[in-house]
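1. Generate a structure from the sequence data that follows.
(one chain, ligands or ions: 1)
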Amino acid sequence: MHKTVHPDVATVVGARPQFVKCAPVSRELRAAGLGEFLIHTGQHYDDRLSGVFFRELALPDPDVNLGVGSGLPGKQTGEILIRLEEVLRERRPRVVLVYGDTNSTLAGALAAAGLGIPVAHVEAGMRSYNRTMPEERNRVATDHWADLLFCHNERTRDRLRGEGVRGRVEVVGDVMCEMVAALRGEAPGESPFPAAVGLEPGRYAVVTLHRPVNADDPAAVQNLVAWCAAAPFPVVWPTHPRVRDAAEKALAALGPVGSRLRLVPPLGYRDMLALVAQARLLLTDSGGLQKEAFFLGVPCVTLRGETEWDETVEAGWNFLAGDRATPAAIEAAARRALERLPGGDPAGHAAAVAAAFGPPDPARRIARALHDFLAAPAGRGAD
Ligand code: UD1
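-> Have a look, this model is predicted:
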């Protein structure tokens with residue numbers, strides 16, 4: 001089960017966006033000659049939320065899976081912390097690398113900090129300033145425990161410095177932006193996926209929903225389903241397990257008028273990107289998908305009252321409809337979003353993405369920074 005004794009880097013991941021973010025970084029760590037020990041917390045365990053990402057992104061098999069599974073946030077975070085502490089005590093990595101803002105991120109940072117192992121955080125400095133969200137609590141706490149903070153642009157770096165974080169902050173760019181560009185470059189031309197499920201490029205919308213504030217509120221799910229049923233084009237909704245039952249129930253209650261909406265199981269990364277890339281509109285409460293829509297030049301309605309990805313709103317590609325949005329609020333945001341034409345002004349769009357999401361080659365920059373950190377005397381603390 002265990003590959004490397006006292007690895008340089010222990011990577012902690014558990015939820016699907018983290019598998020995406022760690023794929024390019026893991027590759028660059030190996031290229032930089034750093035030994036990586038990959039820990040899957042087991043937060044996501046369904047093949048459609050986990051295994052498919054490892055296969056598609058050619059991630060190495062995890063060295064260990066903590067098998068923590070589902071649970072209330074406190075229990076899930078606590079279970080990960082307990083199990084992780086045991087593994088980290090035994091393996092003594094020289095640095096622990098965490099991604100984003102999930103319960104696995106916070107547990108990884110706390111377990112490492114408790115053992116005196118330096119913590120590195122990718123996607124540091126994001127803020128929605130909504131502390132009712134578990135993700136906001138996770139990311140704020142993680143940033144303040146981190147020794148190395150990798151953020152995507154100067155504004156985020158300045159925010160972290162303004163908050164007085166004690167770790168070293170580096171602007172490296174955005175790893176998701178790198179992934180989207182790489183996957184698009186691998187498969188020039190249009191992906192067959194949307195057509196294979198009967199969707200015409202540019203003539204459908206995509207929906208996703210999983211934040212507790214929306215997904216755990218049947219009225220919010222009914223509102224979204226009602227808007228989809230009356231939408232001016234077909235809508236396809238890859239349903240996260242958290243919301244599947246509520247969405248199916250709301251759709252069944254609509255009867256035949258709901259036929260424009262199709263609920264489909266969660267998709268792998270490549271199919272999801274292809275689906276979004278060819279859509280006329282995305283509606284989501286996911287953080288990652290807001291960014292991906294912007295990278296792909298697809299207008300987005302965010303089903304939240306605020307977003308940590310301000311740059312996408314400022315660039316005019318993302319429109320907030322509010323938490324638990326009513327059909328009227330969704331419609332108002334969708335109308336504004338539809339004024340944006342996908343594919344128009346490619347040079348202007350590329351420049352906007354580059355300006356908002358920082359320097360190129362983020363994964364290589366992260367690997368190099370970790371290499372230098374471990375080579376410096378202060379980085380050897382955990383040996
Ligand atoms: C988690 C992250 C969120 C991230 C999202 C990506 C936290 C607080 N939330 O949300 O930031 O954007 O992953 O998808 O860490 N479930 C399954 N199978 C699974 C995993 C979950 O059926 O493999 C169901 C369970 O009913 C579970 C629910 O989904 O109770 C929620 O799962 P959880 O991992 O707690 O949060 P997500 O909503 O997936």
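2. Up against the ligand, what does the stretch 251-383 of the chain have?
-> Ser286 (C-beta under 6 Å from any ligand atom). C-betas here are computed from N, CA, C, even on glycine.
3. for the stretch 251-383 of the chain, which spans come out with low pLDDT?
-> 378-383 (pLDDT under 70).
4. any chance you could map the helices in it?
-> For the stretch 251-383 of the chain, the helices defined by DSSP state H, counting those that start in this stretch cover 269-277, 287-296, 310-314, 327-338, 346-357, 362-375.
5. which helix of this structure spans the most residues?
-> When the chain is parsed with DSSP state H, its longest helix is helix 73-91.
6. which other helices and strands contact that one?
-> Under the contact criterion of 3 or more C-beta pairs under 8 Å, 6 or more residues apart in numbering; DSSP states H and E, helix 73-91 touches strand 9-13, strand 36-40, helix 103-114.
7. downstream neighbour of the last one in the secondary structure list?
-> Put plainly, it is helix 103-114. Sequence-wise, the next helix or strand downstream of helix 103-114 (DSSP states H and E) is strand 119-122.
8. How many residues are close by the residue in the stretch 51-200 of the chain positioned nearest to the ligand?
-> Residue nearest to the ligand within the stretch 51-200 of the chain: Thr102 (3.1 Å; C-beta to the nearest ligand atom). Number of residues near Thr102 (other C-beta atoms under 10 Å) recorded here: 29.
9. ok, it to His210 distance?
-> 12 Å (C-beta to C-beta, to the nearest Å).
10. rewinding a little: any idea of the angle the longest helix of the chain forms with strand 9-13?
-> On the basis of axes from the mean of the first three to the mean of the last three C-alpha atoms, to 10 degrees, helix 73-91 is oriented at 160 degrees to strand 9-13.
11. pLDDT (mean, whole number) over helix 73-91?
-> For helix 73-91, mean pLDDT rounds to 97.
12. for stretch 165-172, same thing?
-> Stretch 165-172 comes out at a mean pLDDT of 98.
13. start to end distance for that stretch?
-> Terminal residues of stretch 165-172 lie 17 Å apart, using C-alpha to C-alpha, to the nearest Å.
14. Looking only at that stretch, what residues are buried by neighbour count?
-> Neighbour counts using 16 or more other C-beta atoms under 10 Å place 165, 167, 169-172 of stretch 165-172 among the buried residues.
15. Stretch 138-150 now?
-> In stretch 138-150, counting by 16+ other C-beta under 10 Å, buried: 138-140, 142-150.
16. thinking again about what came up before, return every residue with contacts to both of Thr102 and His210.
-> By C-beta atoms under 8 Å, 6 or more residues apart in numbering, Thr102 and His210 have no common neighbours.
17. ok, and which of the helices and strands packed on helix 73-91 has the densest surroundings?
-> Burial of the helices and strands packed on helix 73-91 is given as mean neighbour count (mean count of other C-beta atoms under 10 Å); strand 9-13 ranks first at a mean of 29.
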